[in-house]
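> sequence plus predicted model, see below.
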Amino acid sequence: MAINYVLQKCNNEKSDNYGQFVARVRTLGLTTTEEVAEKIQKNASVKRSDVKAVLDELADVLTEKLADGFTVKLDGLGTFSPRIRAKYQAVTDENPYDVEENVKNVGVLFRPERKKTNGGTVQTLMPERKLKKYENYVQQSNATPEPVNP
């Protein structure tokens, strides 16, 4: 298996990277909870419906724990943590930090589990680092890649 990529040109004239290219991942599609449950059913002695129920409950518990301010570690998978993105602001007694103005995003940070190897560390979810140029896409300026008919 390999990760598919396309080359994308920076067309932002204000950027230091203008005219340069960068590799961007192109996924082959979306795998749903239902499909994951089906695959787990084939690899384990558990019914798909039971797996789906556990995965649905996992999502609910993750949501609850993250909303309560906890970090959640799932062995073999990784760690989920609440995250905020905010701007800096000079703060004084007269000018307190304005959370409403400066916090731009509240979300979740996922850190994949890592394991040590002879060559350093690798993510357990992506142990192989094979890349393959995805030929079925053409990149146009500032546009989302469109599929090309083979």
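On my side now, so go ahead.
> ranges for the strands of this structure?
3-9, 21-25, 72-74, 78-86, 103-112, 114-117, 120-123, 131-133, 137-138, 146-147 (DSSP state E).
> just want the most central residue of the protein.
Phe110 (7.1 Å; C-alpha atoms, centre = their mean).
> please tell me the pLDDT value assigned to that one.
Confidence at Phe110, expressed as pLDDT, is 93.
> for the one 3 residues further on, same thing?
Confidence per residue is given as pLDDT, and for Glu113 that number is 89.
> quick check: it vs Pro127, distance?
To Pro127, Glu113 is 11 Å away according to C-beta to C-beta, to the nearest Å. Using the backbone N, CA and C atoms, a C-beta is placed for each residue, glycine as well.
> more neighbours: the two, which one.
Higher neighbour count among Glu113 and Pro127: Glu113, with 14 against 9, using other C-beta atoms under 10 Å.
> tell me the contacts of the more buried one?
Asp75, Gly76, Leu77, Gly78, Thr79, Gln123, Thr124, Leu125 (C-beta atoms under 8 Å, 6 or more residues apart in numbering).
> what about the first one, how many residues nearby?
Taking other C-beta under 10 Å as the neighbour definition, Asp75 ends up with a count of 7.
> and what of the second one?
Other residues within reach of Gly76 by the criterion other C-beta under 10 Å amount to 8.
> got a pLDDT number for it?
The per-residue pLDDT reported for Gly76 equals 86.
> ok, it touching Pro127?
No. Between Gly76 and Pro127 there is no contact under C-beta atoms under 8 Å: 11.9 Å.
> how much space between the residue in the chain sticking out farthest from the centre and Pro112?
The outermost residue of the chain, judged against the average C-alpha position, is Glu94 (39.8 Å), by C-alpha atoms, centre = their mean. Distance of Glu94 to Pro112, computed by C-beta to C-beta: 44 Å.
> next, format the strands of the chain as CSV and append distance to Asn43.
Below are these laid out as CSV (distance: least, C-beta to C-beta, whole Å):
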stretch, distance to Asn43
strand 3-9, 22
strand 21-25, 26
strand 72-74, 18
strand 78-86, 20
strand 103-112, 21
strand 114-117, 21
strand 120-123, 21
strand 131-133, 25
strand 137-138, 31
strand 146-147, 31
